[in-house]
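Trainee: Structure of the sequence below:
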Amino acid sequence: MNEMPFRRTLIKSGNQIVTEDTWAYYAYMILSGKGKVVKNIGGDQEVIGRLKEGDILGEMSIIGGAKRTASVIADGDVEVALIPKDTIVSMMNTLPEATRIKLEGLTSDLIQVTSTCALLAHHLHDIEKMKAKCVDVGSLNRTLTEEMKGVPDIYKQIFITLANRLNLGISTLEGLSTQIKNAANTTESVCLFHQP
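Mentor: Numbers count the residues shown, from 1 in each chain. Below you'll find the model as predicted:
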């Protein structure tokens, strides 16, 4: 394969290589350094992956004809090769139509996978925060017994039921998060983004 000369540029640590929800004019290859893939979910910035030397980024927006689905931030200084959109589109136009259609379909699926991965990462972080909210039911029962003297036991049981349900819900979420993490580990070899 013929090597084509591309412009190189240095991105300083903490600066964005690509910005979510903007139009793509370049794809990039990381020549040296690392990057964090970040997606905005409900106002929170979720790190959904990591990129390293040799990785390509920004191609989905060009091939899919859509805005960027995530930002990539330089994690330390990063040198990249800029691959112009026009070059990629011209190269695609030399491919058979059936191949172009497959690439566009693959890109559409990848955009959906990336979005789903970001949502799952966001929910996993929420589950971690919820773990701190587990209630010691025995302690709550003792507290209610002391603070609610004269209140029939059935009403105390209503409040204990709330705590039990909270703990059960959190336990269920923990089980689901374990399943999600196991599934992510199983498919790690086919993921585009290398998780930390």
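
Trainee: pLDDT score assigned to the residue of the chain most remote from its centre?
Mentor: Most distant residue from the mean C-alpha position of the chain: G150, 51.8 Å away (C-alpha atoms, centre = their mean). Note on G150: pLDDT of 81.

Trainee: List phi and psi for it.
Mentor: When quoted as degrees, to the nearest 10, the phi and psi of G150 stand at phi 90, psi -10.

Trainee: I'd like the numbering to begin with 39 instead of 1 from here.
Mentor: Understood, numbering begins at 39; the last thing we discussed is G188.

Trainee: ok, it - contacts?
Mentor: Contact analysis of G188 by C-beta atoms under 8 Å, 6 or more residues apart in numbering lists nothing. Every residue, glycine included, has its C-beta placed from N, CA and C.

Trainee: domain assignment for the chain?
Mentor: Using automatic domain parsing, the domain parsing of the chain gives 45-133, 171-224.

Trainee: a markdown table for those domains, including distance to G143?
Mentor: Converted to a markdown table, the domains of the chain look like this (distance: least, C-beta to C-beta, whole Å):
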| stretch | distance to G143 |
| --- | --- |
| domain 45-133 | 10 |
| domain 171-224 | 23 |
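
Trainee: which of those domains is buried the deepest?
Mentor: Mean neighbours per residue, mean count of other C-beta atoms under 10 Å, is largest over those for domain 45-133, with a mean of 17.

Trainee: thinking again about what came up before, would you single out the least confident of the domains of the chain?
Mentor: domain 171-224 (a mean of 77).

Trainee: Can you say which of the domains of the chain is nearest to T145?
Mentor: Taking C-beta to C-beta, domain 45-133 is the member of the domains of the chain nearest to T145, at 4.1 Å.

Trainee: end-to-end on that closest one?
Mentor: 25 Å (C-alpha to C-alpha, to the nearest Å).

Trainee: same thing with stretch 63-74?
Mentor: 20 Å.

Trainee: now do stretch 90-109
Mentor: End-to-end for stretch 90-109, by C-alpha to C-alpha: 15 Å.

Trainee: what ranges do the helices span in the chain?
Mentor: 97-102, 123-131, 135-169, 175-185, 191-224 (DSSP state H).

Trainee: Tell me which of these lies nearest to Y63.
Mentor: Between these, helix 123-131 lies closest to Y63; by C-beta to C-beta that is 5.2 Å.

Trainee: and that closest one with helix 135-169, angle?
Mentor: Angle, helix 123-131 to helix 135-169, by axes from the mean of the first three to the mean of the last three C-alpha atoms, to 10 degrees: 120 degrees.

Trainee: How about residues contacting helix 123-131?
Mentor: Residues contacting helix 123-131 (C-beta under 8 Å, 6+ apart): M42, A62, Y63, Y64, A65, E97, I100, I101, R138, L141.
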